[in-house]
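Undergrad: quick one: sequence plus predicted model below, questions after.
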Amino acid sequence: MSVPTTEAPRRVAVITGSDSGIGRATAVRLASAGMDVGVTWHRDRAGAEETAEEVRALGRRAEVARLDLTRLPGAADVVDELADRLGRLDVLVNNAGTGTMTPFLELDPATVREVLDVDLVGPFLCGQRAARHMIRQGDGGRIVNVTSVHEHQPRVGAAPYCAAKGGLGLLTQVMALELAEHGITVNAVAPGEIATPMTGQEDTDVRAESRPGVPLGRPGDAREVAAVIAFLAGPGASYVTGASWAVDGGMLRMGPQAGSHLTDDGWRRP
């Protein structure tokens, strides 16, 4: 007589902005950990399809959808769509982002609103959708918000970006408190300078780049950020919530040290 077995459902992750950079590296890392992946893109559909092919090459399922976080609140519907197509949702990585290098006095309201929508309001709404799926499923979940070192420290020329990332850092903490009773952990990952299209360094050999102001002496690789996200999304981080994990080569530790070594007023300009 055969004994029926119940196979545990395969875990599913949705990663916003996973057509390149940190998002793509995270999709591949989570697929290698056994997850099916929802891939989103804004402008680069071909990049998203390449990410999906990398996921499928690892034997995992991938679904692709366009996500435009300037079109809120409706854009968050994509989280529901991908959860439906993949059958469930266990992990959300809010990675999609944008920024500006514009002096504070020259900023226009439209630019400020766009950065805040994409970097703060969008993750808020996507996080709500994901959490509701996780609560209905009844077995917890993981939300990881990709912020920046500028969650913690300012940067000249990046007022709305810093405001949004700082807000997302505190939002992460509130989410962690409110969702803990449902078994959902919420953490932030705060990258420093990472070799991605956003910083104009895609496919750069980071070990060949010099960054004297960073203690490790180089920019980071997207896969180094993805490794931390994967830890927070996995079983080993089941007692970690409400934290912000800097992946910055020690950059944040250089505040007073960097200040004491500046030789001119160049820092005042973006």
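TA: Cool, the structure landed.
Undergrad: now the strands for the stretch 151-270 of the chain?
TA: For the stretch 151-270 of the chain, the strands defined by DSSP state E, counting those that start in this stretch occupy 184-191, 194-195, 220-221, 244-247.
Undergrad: of the ones you listed, flag the one that's most buried.
TA: strand 184-191 (a mean of 26; mean count of other CB atoms under 10 Å). C-beta: built from backbone N, CA, C; applies to glycine.
Undergrad: can you pull the buried residues of the helix or strand harbouring Val79?
TA: Here Val79 sits within helix 77-86, counting by DSSP states H and E. In terms of neighbour count (16 or more other CB atoms under 10 Å), helix 77-86 has its buried residues at Val78, Val79, Asp80, Glu81, Leu82, Ala83, Leu86.
Undergrad: can you give me the mean pLDDT across that helix?
TA: Helix 77-86 shows a mean pLDDT of 98.
Undergrad: just how off-centre is the following helix or strand past it within its chain?
TA: Downstream of helix 77-86, the next assigned helix or strand under DSSP H and E is strand 91-94. Mean-position distance between strand 91-94 and its chain equals 7 Å (CA atoms, centre = their mean, to the nearest Å).
Undergrad: next, the buried residues of the helix or strand just after strand 91-94.
TA: On the C-terminal side of strand 91-94, the closest following helix or strand by DSSP H and E is helix 109-116. Buried residues in helix 109-116, counted by 16+ other CB under 10 Å: Val112, Glu114, Val115, Leu116.
Undergrad: and these as JSON lines, adding distance to Arg142 and pLDDT?
TA: As requested, the buried residues of helix 109-116 are exported to JSON lines (distance: CB to CB, whole Å; pLDDT from 0 to 100):
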{"residue": "Val112", "distance to Arg142": "31", "pLDDT": "98"}
{"residue": "Glu114", "distance to Arg142": "28", "pLDDT": "98"}
{"residue": "Val115", "distance to Arg142": "26", "pLDDT": "98"}
{"residue": "Leu116", "distance to Arg142": "25", "pLDDT": "98"}
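Undergrad: which residues in this protein form helices?
TA: Ranges of helices within the chain are 21-32, 45-57, 77-86, 109-116, 122-137, 159-179, 222-233, 255-260, based on DSSP state H.
Undergrad: with distance to Pro212 added, can I get these in JSON lines?
TA: Shown next, in JSON lines, are the helices of the chain (distance: least, CB to CB, whole Å):
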{"stretch": "helix 21-32", "distance to Pro212": "24"}
{"stretch": "helix 45-57", "distance to Pro212": "32"}
{"stretch": "helix 77-86", "distance to Pro212": "41"}
{"stretch": "helix 109-116", "distance to Pro212": "29"}
{"stretch": "helix 122-137", "distance to Pro212": "33"}
{"stretch": "helix 159-179", "distance to Pro212": "23"}
{"stretch": "helix 222-233", "distance to Pro212": "19"}
{"stretch": "helix 255-260", "distance to Pro212": "10"}
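Undergrad: nearest to Asn95, out of those?
TA: helix 21-32 (4.4 Å; CB to CB).
Undergrad: give me the residues contacting that closest one.
TA: 13, 15-18, 37, 39, 47, 50-51, 54-55, 58, 60, 62, 91, 93, 95-96, 146, 191, 194, 196-198, 202, 221-223, 225-227, 229-230, 233 (CB atoms under 8 Å, 6 or more residues apart in numbering).
Undergrad: got the buried residues for it?
TA: Of all the residues in helix 21-32, those buried under the rule 16+ other CB under 10 Å are Gly21, Ile22, Gly23, Arg24, Ala25, Thr26, Ala27, Val28, Arg29, Leu30, Ala31.
Undergrad: for burial, what's the neighbour tally of Gly259?
TA: Gly259 has 9 neighbours, counted by other CB atoms under 10 Å.
Undergrad: so it versus Gln153, what's the distance?
TA: Gly259 sits 12 Å away from Gln153, taking CB to CB, to the nearest Å as the criterion.
Undergrad: same thing with Ser238?
TA: Distance, Ser238 to Gln153, using CB to CB: 30 Å.
Undergrad: comparing those two, which residue is more hemmed in?
TA: Ranked by neighbour count (other CB under 10 Å), Ser238 and Gln153 place Gln153 first, with 17 against 11.
Undergrad: thanks again, I'm all set now.
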